[in-house]
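Novice: Provided below are the primary sequence and the corresponding predicted coordinates.
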Amino acid sequence: MLSLSRVETAGARPVLRLAIFLVAAAVPFALILAPIGSFMVLSLFRAEKHQIIHDPTLVNYVNFFGNWTYFGTFLGTLLLCLEVMGLSLLLGYPIAWFIWKRRGGVRYLLLLLAVVPLFMSYIVKLYTLRAMLGLNGLINQVLLGLGLFERPSRIFLFNQRAVLMTMAVIYLPFVILPIFLALERIPRSLLHASTDLGAGAWDTFRRVVLPLSLPGTIAGGLFAFVLALGDFITPQMVGGTTGFTIGRVIYSQFGLAYDWPFGAAMAAILLATALTGIIAAGFAISRQKV
Amino acid sequence: MALELRELSKSYGALQVLNPTTLDIANGEFLTLLGPSGSGKTTVLRLIGGFTAPSGGTIAYDGRDMTQLPANQRPFNTVFQDYALFPHMTVLQNVSYGPLVQRRSVLSAAKLIEETLEIVGLSELRDRYPSQLSGGQKQRVALARAIVCEPKVILLDEPLAALDANLRHQMQLFLKQIQRRIRTTFVFVTHDQDEAITMSDRIVVMNQGGIEQQGSPQELYYRPRTRFVAGFFGDNNLIEGVLVEPQAVETPLGRLPVSCKQMSAGQKVLLSIRPESFKLGKSGHSVSATVEEAMFGGASTRLLLRPDKVPELKLNVRLPGDRRLDAPQIGEHVNVTYDPIDAVIVES
Amino acid sequence: MQTSGERRAEIMTGVVTAIVFIVLYAPVMISVLFSLVEIRRGKILWETLSFEPYVTLWSNPSVLAALSNTAIVAFVSVILASMLALLLALYTQWSEAIGKRFLELIIYLPFLLPPIVTGLALLVASAQLGINRGLATLVTGHMVFVLAVAYRLVLTRLQALPPSLIEASFDLGASRWQTLRYVLLPHLASAVVTGAMLSLTLSFDETLISTFVAGDQMTLPLRLWAMMRVGFTPEINALVTLVLLVSIVLSIVTALRLRPKGELEED
């Protein structure tokens, strides 16, 4: 910890330190903390006929938990996001491992290739993926061509499955990168030592590589989870009527349904969920003695 | 005019790293703070430089109290162990930094900067960046940067620690020459006793937060006053015994003569005889022993002897190399003796 | 030296990688393809290959408006975020700062939370303050989002500064301001620039937060979303390809700058 004050000598008075803290924290407080606080406060109010009644109440939360339409959708969304996380980890780890095993320029080329799709417009990605999943889309064409299907199928689009696959594709690069970075941080001498002591490839992987790359993997998984949690555009575009997520419900509260307090309440619950996930992941990471 | 440290101490919570220490440093001298890790030597240096505040005591220069002054207002400059060269500035810019921030007149500073670069031999490298310099060159830049500020005292924090053996010897000579030429007080910190002996006008040996002994290299080497100092420089032979008559000590190895001033008989003392004080031969007080180890070292041969009388009390003996004589072999039985003037009594 | 088991693993993961990359790149390829040729009933009409859309797109007013909005929002929010990130990093590294952890948590929050929450929070706040949604709210939304990235980069760089450099500066007589100006800021400059470039690429494609805080002025992603029902013209695909190319260049430059160079290690 560097010190810009007289190194190590008696510091500023407590009052001065508080003042400087307030100056530094002013913008983050105003632009981040306060807005979050304001919508949490809003969740405690009611909306009646497009008017907000400033009367503190928990009715929004009661309505949410008590109504299976909403609560069930929320749970379904949680499950979906965990599936997205699982799928992207399942695909992402082997890919990151494969890239890590390459040497020299090939490695960075592959890494670049893995990351470039991130820079393509999210909307256009969605649009083309939707087209790919559709009746005349690429998937059906390939399956028809391979003779696995007789007729083009509707099962790939406008349902939960479509949302899962689309999100996995879109968020995969977010997962590959942290895992790769974690793998890269492993000193090569450890791998040599493991081999030197007689371990085979599988043992070295299981006992050395996997544990040491776990923090990065957890971080990557968390990334996918949180991103999927808040994504409401993907379900809207490829989810149809059965692919409904809580994100869409919240969004509509601020659109057609026009019940801001209710939307705020659900968003507050979403916030709590995301925070729980982050804390849990942080906890898991800090317990790795890496 | 001098640097005066009075009852200077430093603690971190319950841990006292420097006991109240009093020290005078004379103008123009090359003083070395010598000791193992944790002895407090670096703490003293950082207190003088102003990077740490003392828990007690004062620092004064030329009669003026410096204790409350921040580092950037003290007339002292430091050569850091990792050189601390600004990586985004050239050699010239690094060396010009002091005058720049102290707003000295550009013209007069320019002349001094030129001269300093000359003195340290860096004139040709002025436009290089630190990443393009070798260890020894970076050292010299750090030194030049300090010299340019014309400080009253230059503090050097183990500056040669990172250099390899050959370069170290060169730089030791170099630092000594520079110091003599610019006649600034150098306070040098090291844990290497050879370095201290060769470079210093005066050495302050520190141990566990306090000063063990201070004096010229010769004083510390030939007349150590504590067991720690006696054992610190080179392999020494420390033999315990009791003083009998004013000129001898009764030890397990026999009655060994010493030459010393008045001391009361019956006192328990520690006798120190340097390895190079021994020679082969018989005498009234010689010790007979078997050679356990023999290591040829070029200019001298080091022997480890196992005395007949007390096999556990190993003697370190250093014989001058002589191509005409065969050095004693392992297993050989020899007699060694010494001149009483070379036996020193260390307070036990 | 490699066992057969390991070889098999590498081949399998290689195959998985290849397949996934094909799937990842399909949208990119298709988009680029559509910008260059016409496709009817699943047949590529190669004779229609032309770069014309890349030229005519510049005369489409709504696209240009969206593009300019996106650019304005991106640059303004990134500049603001970079300056703020610098100040905040210097603050949290000050040894006598209070509330460091709390402040850092707040900084990272908009990046870690689902964008819907961040967007919502700003929407509600601006409504309660009576501020109309527009470029200002967009800038705010993007700024808090990229702040975390810019902050992290500057922080890492700041923590890599050897304390002896600061001490050396004081030792040579510099005041606190001079040390800041001559030693600290030059050291941090490259991290600020790198953070800015990364933030620009993030801001350009930011969609979710923008849907909540945008007013009548649409950014490019929002404009694209609106057009999704109608379908994308070759011009749109051309624009998307261009933005992609620029982002790729920016990201390569960023990656090169972030690679450990070791030039600061004093061996």
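Specialist: The structure has been received and is ready for your questions.
Novice: low-scoring stretches of the stretch 151-267 of chain C, by residue?
Specialist: C:259-267 (pLDDT under 70).
Novice: An error on my part: the question was meant for chain B.
Specialist: B:1, B:104-106, B:246, B:261-263, B:348.
Novice: measure B:Pro307 to B:Gln247 for me?
Specialist: Relative to B:Gln247, B:Pro307 is positioned 22 Å away (C-beta to C-beta, to the nearest Å). Heads up, the C-betas are built off the backbone N, CA and C, glycines and all.
Novice: Ok, A:Thr166 next?
Specialist: From A:Thr166 to B:Gln247 the distance is 100 Å (C-beta to C-beta).
Novice: between these two, who's got more neighbours?
Specialist: A:Thr166 (26 against 13; other C-beta atoms under 10 Å in any protein chain shown).
Novice: is it fair to say the more buried one lies in a strand?
Specialist: No - when classified by DSSP: H, G, I helix; E, B strand; the rest coil, A:Thr166 is found to be helix rather than part of a strand.
Novice: quick one: it and A:Tyr122 touch, right?
Specialist: No - between A:Thr166 and A:Tyr122 there is no contact under C-beta atoms under 8 Å: 11.1 Å.
Novice: how about the residue nearest to the spatial centre of chain C, what does it touch?
Specialist: Geometric centre of chain C, nearest residue: C:Leu202, 2.1 Å, by C-alpha atoms, centre = their mean. Counting by C-beta atoms under 8 Å, 6 or more residues apart in numbering or on different chains, C:Leu202 makes contact with C:145-146, C:149.
Novice: Most neighbours among these, please name it.
Specialist: C:Val146 (27 neighbours).
Novice: wait, does stretch C:174-191 contact chain A?
Specialist: Yes - residues of stretch C:174-191 contacting chain A under C-beta under 8 Å from any C-beta of the partner chain: C:176, C:179-180, C:184.
Novice: give the contact list for the residue nearest to A:Cys81 when sequence neighbours are not counted.
Specialist: Leaving aside its chain neighbours, A:Cys81 sits nearest to A:Ala228 (4.2 Å; criterion: C-beta to C-beta, 6 or more residues apart in numbering or on different chains). Residues in contact with A:Ala228 (C-beta under 8 Å, 6+ apart) are A:80-81, A:84-85, A:167, A:171.
Novice: Could you dump those residues into CSV and include neighbour count?
Specialist: Listed next are the contacts of A:Ala228 as CSV, based on neighbours: other C-beta atoms under 10 Å in any protein chain shown:
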residue, neighbour count
A:Leu80, 22
A:Cys81, 27
A:Val84, 28
A:Met85, 26
A:Met167, 26
A:Tyr171, 25
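Novice: closest to chain C among those residues?
Specialist: A:Cys81 (9.7 Å; C-beta to the nearest C-beta).
Novice: is it true that the closest one touches A:Phe225?
Specialist: Yes - contact criterion C-beta under 8 Å: A:Cys81 and A:Phe225 qualify, at 5.2 Å.
Novice: And the residue of chain A that's closest to chain C?
Specialist: A:Gly230 (2.2 Å).
Novice: That residue contacts C:Leu112, doesn't it?
Specialist: No - A:Gly230 is beyond contact range of C:Leu112, at 10.7 Å (criterion: C-beta under 8 Å).
Novice: More neighbours: these two, which one.
Specialist: A:Gly230 (26 against 18).
Novice: what's near enough to touch the spatially closest residue to the residue of chain A closest to chain C that is not a sequence neighbour?
Specialist: Spatial nearest neighbour of A:Gly230, chain neighbours left out: C:Pro114 (2.2 Å); criterion: C-beta to C-beta, 6+ apart. Going by C-beta under 8 Å, 6+ apart, C:Pro114 touches A:226-227, A:229-231, A:247, A:270-271, A:274.
Novice: one more time with 6 Å, if that's ok
Specialist: Taking C-beta atoms under 6 Å, 6 or more residues apart in numbering or on different chains as the criterion, C:Pro114 is in contact with A:226, A:229-230, A:274.
Novice: Provide the secondary structure category for B:Phe186.
Specialist: strand.
Novice: got the CA positions of stretch C:52-66 in PDB?
Specialist: What follows is stretch C:52-66, C-alpha atoms only, in PDB (Å, rounded to 0.1, in the frame of the first residue of the first chain):
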ATOM      1  CA  GLU C  52     -21.900  -0.800 -52.500                       C
ATOM      2  CA  PRO C  53     -23.700  -1.200 -49.200                       C
ATOM      3  CA  TYR C  54     -20.500   0.000 -47.500                       C
ATOM      4  CA  VAL C  55     -20.800   3.200 -49.400                       C
ATOM      5  CA  THR C  56     -24.600   3.800 -49.400                       C
ATOM      6  CA  LEU C  57     -24.900   3.200 -45.600                       C
ATOM      7  CA  TRP C  58     -23.400   6.600 -45.000                       C
ATOM      8  CA  SER C  59     -26.400   8.300 -46.600                       C
ATOM      9  CA  ASN C  60     -29.000   6.600 -44.400                       C
ATOM     10  CA  PRO C  61     -30.100   9.300 -42.000                       C
ATOM     11  CA  SER C  62     -31.500   7.200 -39.200                       C
ATOM     12  CA  VAL C  63     -28.500   4.900 -39.200                       C
ATOM     13  CA  LEU C  64     -26.200   7.900 -39.100                       C
ATOM     14  CA  ALA C  65     -28.100   9.500 -36.300                       C
ATOM     15  CA  ALA C  66     -27.900   6.300 -34.300                       C
END
